[in-house]
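Visitor: Based on what follows, work out the 3D shape:
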Amino acid sequence: MKKTIFAVVFFFITVVFVKAQTTQEEYNYVTKGYKTQVESGLDMKKGYSLKSLATETIGIRTVKLEGLYRTNTNTLCAIMIAYTKSGGITEYLCAPMPATSDSIYNQYIKSLHDNTSNTNSSEKLQLITYALTKICF
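Guide: Numbers count the residues shown, from 1 in each chain. The predicted structure follows:
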């Protein structure tokens, strides 16, 4: 089931956003730096902008998808997935672009199945897949 959901997500991302690449710096910014930026009231990372792509809510869980764009080329370089569960706790994941290295993809796959934040990974995957299909069609 989990492999099927991942395959669907990967397929939709690949079809919509061909030829882009996510760097390790961009991946780290989305998964760690953005949270620090928001909590500290800092400005957006220089050279980048965020564009809202979709927001989906099922029950008490919400997924917000935002595109991280390089401003000098207006290129989509990553999709930030802000997964919020009950209690307002938000987890930031980074969906890398198709031309990205395997090591970054492996980090993304691991984050989808990470249960250290007491998140049900099956419910998380279902909501992320649902939101990603919304931006692809």
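Visitor: quick one: the strands in this structure?
Guide: Remark: strands assigned in the chain by DSSP state E are 48-58, 61-70, 75-84, 90-96.
Visitor: can you list contacts of the third one?
Guide: Put plainly, it is strand 75-84. Residues outside strand 75-84 that contact it (Cβ atoms under 8 Å, 6 or more residues apart in numbering) are 13, 17, 20-23, 26-27, 30, 34, 48, 50, 53, 61-70, 90-97, 119, 124, 127-128, 131-132. For glycine as for every other residue, the C-beta is placed from the backbone atoms N, C-alpha and C.
Visitor: ok, of those, which come out buried?
Guide: Buried subset of the contacts of strand 75-84 (neighbour count, 16 or more other Cβ atoms under 10 Å): 13, 17, 20, 22-23, 26-27, 30, 34, 48, 53, 61-70, 91-97, 119, 124, 127-128, 131-132.
Visitor: so how far is T84 from the nearest residue to V63 once chain neighbours are set aside?
Guide: Closest residue to V63 apart from its sequence neighbours, by Cβ to Cβ, 6 or more residues apart in numbering: A131 at 4.3 Å. Relative to T84, A131 is positioned 12 Å away (Cβ to Cβ, to the nearest Å).
Visitor: anything in contact with each of those two?
Guide: 63-64.
Visitor: sorry, back to before: to S111, which of the strands of the chain lies closest?
Guide: The minimum distance between S111 and the strands of the chain falls on strand 90-96, with 5.0 Å, by Cβ to Cβ.
Visitor: So for that closest one, mean pLDDT?
Guide: Strand 90-96 shows a mean pLDDT of 93.
Visitor: At which residues are the helices of this protein located?
Guide: Along the chain, counting by DSSP state H, helices occupy 2-16, 24-28, 34-40, 102-112, 121-136.
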